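K.L.:
whatever this is, show me its structure:
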Amino acid sequence: MRSLVRPPSHRRRFLIGLACALFFGIGVGLALLIAARTAERHQLAAREAVVTLSALSELLDRVEAPPPAAEGGLGDELSALGETGEPEAPAAEPAPPQEEEGGMGLGDELAALEGGAETAQPEPGEAVRRAVARFATEHPELRSIRVVTFEGIRLEASTDPADTDARAAPRRLEREEKDVYDLGQRLRAAVEENRETKADGGAPVSEEISIRELPDGGFSVAGPVERGGAVAGMVQIRVAPNPVVKPPAPAWLPALLAWLAPVAVLVLLGLVLGERRTLLAAAALVLLAAGLFGFSRWALGVQEAERRDTARQLAAHVNAQQKTTGHLLAELGLGGASPLHPERWDVDVYRVPRELVTAKGTLDEGRLGEQIRLDAGRLTRSVAVLAVLALALLAFVGFGAAAAVGRNLVYYRVAYAYTLPGILAMILLSFFPFFYGIVLSFTNANIYNSNKSITDIWVGLDNFISILSDFSIARSTPDGLVFNYQNFYWTLGFNVVWTIANVAIGVTLGLILALMLNTRGLAFRPIYRVLLILPWAVPTYITALIFKGMFHQQFGVINQIRQIVGLDPVAWFNGPLTSFAAVLTTNGYLSFSFMMVVSLGALQSIPSDLYEAAKVDGASRWQQFRAITLPSLRPALVPAIILSVIWTFNQFNVIFLVSAGEPAGATEILITQGYRMAFEQYRYGYAAAYSMVIFVILLAYGIFQNRATRATEAIGE
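P.N.:
Okay, here's the model as predicted:
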């Protein structure tokens, strides 16, 4: 009898699989390309704002600072006369005053000062305010300019509409403007810290330019103002939204061609190949690779054109700023000063020149080519990841897995509807953080580059190599052997010893107590059960803090008991062995209850007929334990031991709260070490790699233990 079920069409499956894979790969690639182009334009707007700030800073640097005497009062003038109130004897006889030329004697000068007469000297900061006003006039895109000097905490110059009338510059900063002063001090501290770091041969670590995007798309940019090599103040500008920052129009036609052409070719090949699955799979694979390759080549060209266009716009902006600043210097009477340095205006947040624009205002093609190659590398890596995912999607659909999943979803739709909320919660709360941690482990993410994209901080396997290739566990010194407690292998070794010791204590104590509670006719058994399960029922951190207090050197109850019996108190956390004993005691108290409950449940499930038959055969209690009890406990005890090993290996609370890794990190375990790297050293990528190493170790242990004991097979039997 002929079957009524139609065989699956491999042509249709691979055609749908290729269409879905190309749609995913090209669609995501196009979205990434648009995001990259938008980010490039956004970065151009930010860099143009920094160039404008740098040009203004150089203009202010060249404006002559007022002489210190200009700010002095009558007291300062009088102090120059000496403590006796009489002028000091001059080294040479001064020329007599020329009264016909308007000269004044000392008495006339004092009288003029006491009478409030104005001198001919300009008001302090007047040149700065004039330069700022002219610069704002030449730059209509600047909403405001504010110049703050640290000496006197003054707002030296401002074009902000809010700084008018009584708030007009110059004036002392008000209390509500403390954030402005704090920003300036932070920039000054960053400059000084980076100078010290550079003197030691390191790279700058603190941002010397503050760039903040405003809600309307503009920028607030602030940088230090230096005089004589010292940071004397801060200049802050607010830039209106730049029209170049807008998402580019998606190029649908090339993407559509890259998707449609391979699909059309597979349709034609399907007419020739028929239902031969292997040939169809090979053809779909080749066409998928060809489609993604063609799209990537087009995307590389688009990205390169975008990079060159933004570089030309940036160079044009630098040239315009150079021309404007030179004109203002000539207008202010400073045209004869040294030439400007526009090649230093395009800098990063550490004020390190990007070296894209030369002193002549032209583009450095070598530097631009290097940036284009970096862009190409990032895009190639992204397309490679997309290709792997698209290939998986093609195989999933083409080989029938998608159809099988679809049938199961339809058949078990009610069950899946009930479990859908739990599945979504698992994806958001477990799987997404896990896979994000995997990605993060291949980067050098830290607190200083948190605003950069993953591709910018990608370091590949460097974190894992740094962790696993450092074997400096100990070194020999004249005083003896010194251990490096921060080394990964020391921490791993301590972690293994810690886990084995705790699991051994927990299993042994738990099994012994379970055997005692399983004794027939035991009086007060319910009370014993409640008391013995309390260590597991009380929150771990409460127990850990209690034990930390018990092991306190001066006030702890353990040392108090030692002193009562005539022993000296022990500084439990000053030595590795005593610190290990303290945390081992704490966790041993916490761990036996779980093993007791598991063992007791398994013991009560063993049929009593087995023991009666063994007694008839003359077996002793030890023989009954070995031949009946232990084999019957294995299906329950082995998974419990695996869980206990994993929990103990990652027992954060006891180590962190009781010993805190003391002394000097000797009792740290991997999980607490990773925590300190992430939240004390802020090395997020390195800490994520540490976590991945922990995961691989525990995964390997779980697989080995499960296969070696065949616990799950015993459950099935």
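K.L.:
for the chain, what's the longest helix?
P.N.:
Counting residues, the longest helix found in the chain (DSSP state H) is helix 277-331.
K.L.:
how big is the angle separating the next helix or strand after it from helix 277-331?
P.N.:
Moving toward the C-terminus from helix 277-331, the next helix or strand (DSSP states H and E) is helix 365-398. Here the directions of helix 365-398 and helix 277-331 differ by 150 degrees (axes from the mean of the first three to the mean of the last three C-alpha atoms, to 10 degrees).
K.L.:
now for helix 365-398, which elements pack on it?
P.N.:
helix 10-62, helix 277-331 (3 or more C-beta pairs under 8 Å, 6 or more residues apart in numbering; DSSP states H and E). All C-beta atoms are positioned from the backbone trio N, CA, C, and that covers glycine.
K.L.:
so where do the helices sit in the stretch 401-550 of the chain?
P.N.:
401-411, 413-426, 432-440, 462-468, 488-517, 525-537, 540-550 (DSSP state H, counting those that start in this stretch).
K.L.:
how about stretch 25-42: buried residues?
P.N.:
25-26, 28-30, 32-34, 36-37, 40-42 (16 or more other C-beta atoms under 10 Å).
K.L.:
let me fix that: stretch 675-682
P.N.:
Using 16+ other C-beta under 10 Å as the test for burial, stretch 675-682 gives 675-678.
K.L.:
stretch 564-574 spans what distance, first to last residue?
P.N.:
End-to-end distance for stretch 564-574: 22 Å, by C-alpha to C-alpha, to the nearest Å.
K.L.:
for that stretch, which positions count as buried?
P.N.:
Using 16+ other C-beta under 10 Å as the test for burial, stretch 564-574 gives 570, 572-573.
K.L.:
now swap in stretch 474-488 and tell me
P.N.:
The neighbour-count check on stretch 474-488 (16+ other C-beta under 10 Å) flags 484-488 as buried.
K.L.:
and stretch 599-614, by the same measure?
P.N.:
Applying 16+ other C-beta under 10 Å to stretch 599-614 flags 599-600, 602-603, 614 as buried.
K.L.:
now the buried residues of stretch 25-42 as CSV including distance to residue 364?
P.N.:
Output for the buried residues of stretch 25-42, formatted as CSV (distance: C-beta to C-beta, whole Å):
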residue, distance to residue 364
25, 35
26, 34
28, 34
29, 30
30, 31
32, 28
33, 26
34, 28
36, 22
37, 22
40, 18
41, 21
42, 22
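K.L.:
so which of those residues is the closest to residue 517?
P.N.:
Closest approach to residue 517 among those (C-beta to C-beta): residue 28, at 59.0 Å.
K.L.:
count of residues packed around the nearest residue to the closest one once chain neighbours are set aside?
P.N.:
Sequence neighbours aside, residue 386 is the residue nearest to residue 28 in space, at 5.8 Å (criterion: C-beta to C-beta, 6 or more residues apart in numbering). Residues near residue 386, counting by other C-beta atoms under 10 Å, number 21.
K.L.:
so who does residue 386 touch?
P.N.:
Counting by C-beta atoms under 8 Å, 6 or more residues apart in numbering, residue 386 makes contact with 24-25, 28-29, 292.
K.L.:
any idea how far it lies from residue 652?
P.N.:
37 Å (C-beta to C-beta, to the nearest Å).
K.L.:
export stretch 148-168 as CSV, just CAs?
P.N.:
Extracted as CSV, the C-alpha positions of stretch 148-168 are listed here (Å, rounded to 0.1, in the frame of the first residue of the first chain):
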residue,chain,number,x,y,z
VAL,A,148,36.9,79.8,34.3
THR,A,149,40.1,80.7,36.2
PHE,A,150,41.0,78.7,39.3
GLU,A,151,42.8,81.5,41.1
GLY,A,152,40.0,83.4,42.8
ILE,A,153,37.4,80.8,41.4
ARG,A,154,36.3,83.4,38.8
LEU,A,155,34.2,83.3,35.7
GLU,A,156,36.6,85.3,33.6
ALA,A,157,34.6,85.5,30.4
SER,A,158,31.2,84.2,29.2
THR,A,159,28.9,84.6,26.2
ASP,A,160,26.2,82.5,27.9
PRO,A,161,22.8,84.3,27.8
ALA,A,162,22.4,83.5,31.4
ASP,A,163,25.5,85.4,32.4
THR,A,164,24.2,88.9,32.0
ASP,A,165,23.4,91.9,34.2
ALA,A,166,24.4,91.0,37.8
ARG,A,167,25.8,87.6,36.7
ALA,A,168,27.9,89.1,33.9
